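Participant: Provided below are the primary sequence and the corresponding predicted coordinates.
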Amino acid sequence: MIYPTSIRAINALPEDEKEAIYQTLLPEWLYTTYGIDRHTLTVNGQRVVRFRCPAGSRALESIVRRNAGDIDPMLYLNMADTFNNQLLVLLVVVNDPDAPRFNIDHDEDGNPTHLGTTTRNIPAEIDAMRAGLAPGQVRQGLRVFRQLVPVFEQFITNMGHDLFFIEPMSYHNAIVFERYGFSYVRGFQEMQNINREFQPGGAFHMKLGGDNPFRPADAWQTVRGRSWAIHDGILGHPFTGFQMYKRIGHHAGVNSFPESRW
């Protein structure tokens, strides 16, 4: 099947046609494991899949919940056209609906933290970190990114593209994308610098230790440890300005953190 070559063009289609196209972004495990009806996109008669894709928009949001009343989606995807007609993934979130929830998305006064980018809920972050989560996670993930990549690549191929772009929100996101074959448009030298300065004797390594729970002495040894330290501001600036890309069917072989452990 050949799709229109842009999100904007898909969004201009009649509702049933664009929904049929966007439904191909849903992986098979949503139907087989969580019982979503593939024809009605419902569970117990209630719609659990929503596509926000109004005509005239260059963006798509795909939101999938296990049950219609759940607070958090199991799967969330936000993608858009760039101004030169490329495809950009802005955010992908996968949540295990059965895992404990950590309220890192709201501060202690109930205000949104935007996942810690504008303000923070330090006690919730500490609990999440100690439970094995990475920055930005309200719940443990489902460990299904490997299954999502081929689904997304097929969608991109059907649109007539041979690559797409993604923007990692955190250090650990960038490392995960590297492992699945992504390379960098912007930020590879910065990633190499981060790795260098986390080595013993480096500027970031010397900021580890002490009584800061987000900067334990051994944080430099793991992806998650580095990511929490970076989230806590060890770089001296936010983790922003990174953009990566993936060529369909090609693994770039980039590895900015050799012999890394999660």
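Facilitator: Sure thing, it's come through. Numbers count the residues shown, from 1 in each chain.

Participant: If we go by neighbour counts, what in stretch 65-77 is buried?
Facilitator: 65, 66, 72, 73, 74, 75, 76, 77 (16 or more other CB atoms under 10 Å). No exception for glycine: its C-beta is placed from N, CA and C like everyone else's.

Participant: nearest spatial neighbour of the residue nearest in space to the middle of the chain, skipping sequence neighbours?
Facilitator: Residue closest to the mean C-alpha point of the chain, counted by CA atoms, centre = their mean, is residue 92 at 3.6 Å. Spatial nearest neighbour of residue 92, chain neighbours left out: residue 77 (5.5 Å); criterion: CB to CB, 6 or more residues apart in numbering.

Participant: which SS class is the one you found?
Facilitator: Put simply, residue 77 is strand when judged by DSSP: H, G, I helix; E, B strand; the rest coil.

Participant: Wait, it touches residue 53, no?
Facilitator: No - contact between residue 77 and residue 53 fails when scored by CB atoms under 8 Å: they sit 11.3 Å apart.

Participant: okay, and the common contacts of the two?
Facilitator: Common neighbours of residue 77 and residue 53, counting by CB atoms under 8 Å, 6 or more residues apart in numbering, are 60, 61.

Participant: Quick one: the strands in the stretch 51-200 of the chain, in order.
Facilitator: Ranges of strands in the stretch 51-200 of the chain, per DSSP state E, counting those that start in this stretch, are 59-64, 75-81, 87-94, 163-166, 183-186.

Participant: helices or strands up against the one helix or strand in the chain whose mean pLDDT sits lowest?
Facilitator: Every helix and strand of the chain was ranked by mean pLDDT, DSSP states H and E. The lowest is helix 145-158, at a mean of 92. For helix 145-158, the elements it packs on are strand 87-94, strand 163-166, judged by 3 or more CB pairs under 8 Å, 6 or more residues apart in numbering; DSSP states H and E.

Participant: Apply 10 Å and report the result again.
Facilitator: helix 15-23, strand 75-81, strand 87-94, strand 163-166, helix 171-179, strand 243-247 (3 or more CB pairs under 10 Å, 6 or more residues apart in numbering; DSSP states H and E).

Participant: so how far is the second one off the chain centroid?
Facilitator: Averaging C-alpha positions (CA atoms, centre = their mean, to the nearest Å) puts strand 75-81 10 Å from its chain's average.

Participant: so residue 182 sits right up against residue 166, yeah?
Facilitator: Yes - using CB atoms under 10 Å, residue 182 is in contact with residue 166, at 6.8 Å.

Participant: anything in contact with each of the two?
Facilitator: 174, 244, 245, 246 (CB atoms under 10 Å, 6 or more residues apart in numbering).

Participant: which of those residues lies closest to residue 124?
Facilitator: Proximity of the shared contacts of residue 182 and residue 166 to residue 124 (CB to CB) peaks at residue 174, which lies at 23.7 Å.

Participant: Next, count neighbours for the residue nearest to that closest one when sequence neighbours are not counted.
Facilitator: Residue nearest to residue 174 in three dimensions, not counting chain neighbours: residue 168, with 4.0 Å by CB to CB, 6+ apart. By the criterion of other CB atoms under 10 Å, residue 168 has 21 neighbours.

Participant: where does residue 168 land on pLDDT?
Facilitator: pLDDT, residue 168: 96.

Participant: Just confirm it contacts residue 175, I think it does.
Facilitator: Yes - using CB under 10 Å, residue 168 is in contact with residue 175, at 8.5 Å.

Participant: Quickly list what's touching both of these two.
Facilitator: residue 191.

Participant: Comparing the helices and strands packed on helix 145-158, which comes out most buried?
Facilitator: When neighbours are counted by mean count of other CB atoms under 10 Å, the highest per-stretch mean among the helices and strands packed on helix 145-158 falls to helix 171-179, a mean of 23.

Participant: what mean pLDDT does it have?
Facilitator: Averaging pLDDT along helix 171-179 yields 97.

Participant: got it, and stretch 75-83?
Facilitator: Mean predicted confidence for stretch 75-83 is 95.
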